[in-house]
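Chemist: sequence and predicted structure, then a few things I'm wondering about:
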Amino acid sequence: MKKIYFILTMFFLLFASNIYGQTVIIRPGSSIGYCSADDMNGISRTAGLKILLMANEFQRYGVKIDILNISPDDKHSYLSTGLFIEQVVFNYFNMGIGTVGYINTKQKGENPFGLYSHLGFEYNFNKSFVFLVAYQSEFIFRKTFTSNNALLLEVGFKL
């Protein structure tokens, strides 16, 4: 059933973007980095998807959906969703920031919010294929403040 909802949502986004003549960028990606907090330190991993709409040629806004594991034993695993904006400067330098909500998938009761940002290099291979390498930073405001710094790799498709 979840697959059907996902397919219908993608269809709706593509249909709506064609009505308004707006370009949609779908960017799946993953990252690996280092997470630190009072109660844990270690390797963090993310995998997810960004769906972006173009405000103009160099500015975008969209939705971020990721799975974030911030401890080696996957005790702290979150589904992170949020809104963000991004801008491309000098045709290659990509920067973005947004607010994110974290839904805990392992423990009950702790669903913090946070800030997401990235700085990186974006390269357009052609009009429909985008490659992004960036330094990603997340600040999660849980009971013990958590910081996650990671190297992000995303490949995007313009529709």
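Modeler: Arrived safely.
Chemist: what about the strands in the chain?
Modeler: Using DSSP state E, the strands of the chain run over 24-36, 41-54, 59-69, 77-89, 93-104, 113-126, 129-141, 146-158.
Chemist: how about TSV for the ones you listed, with distance to residue 10 and mean pLDDT added?
Modeler: For the C-beta atoms, the positions are set from N, CA and C on the backbone; glycine is no exception. Below are the strands of the chain laid out as TSV (distance: least, C-beta to C-beta, whole Å; pLDDT from 0 to 100):
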stretch	distance to residue 10	mean pLDDT
strand 24-36	8	90
strand 41-54	8	89
strand 59-69	12	90
strand 77-89	16	91
strand 93-104	21	92
strand 113-126	22	92
strand 129-141	18	92
strand 146-158	12	88
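Chemist: would you list the ones you listed in CSV and tack on mean neighbour count?
Modeler: Listed next are the strands of the chain as CSV, based on neighbours: other C-beta atoms under 10 Å:
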stretch, mean neighbour count
strand 24-36, 18
strand 41-54, 17
strand 59-69, 18
strand 77-89, 17
strand 93-104, 17
strand 113-126, 15
strand 129-141, 18
strand 146-158, 18
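Chemist: closest to residue 9 out of these?
Modeler: With distances scored as C-beta to C-beta, the stretch of the strands of the chain nearest to residue 9 is strand 41-54 (9.1 Å).
Chemist: who touches that closest one?
Modeler: 13, 17, 22-35, 60-72, 80, 84, 86, 136, 148, 150, 152, 154, 156 (C-beta atoms under 8 Å, 6 or more residues apart in numbering).
Chemist: next: stretch 134-154.
Modeler: With C-beta under 8 Å, 6+ apart as the test, stretch 134-154 has contacts from 27-39, 44, 46, 50, 68, 70, 78, 80, 94, 100, 102, 110, 112-121, 131-133.
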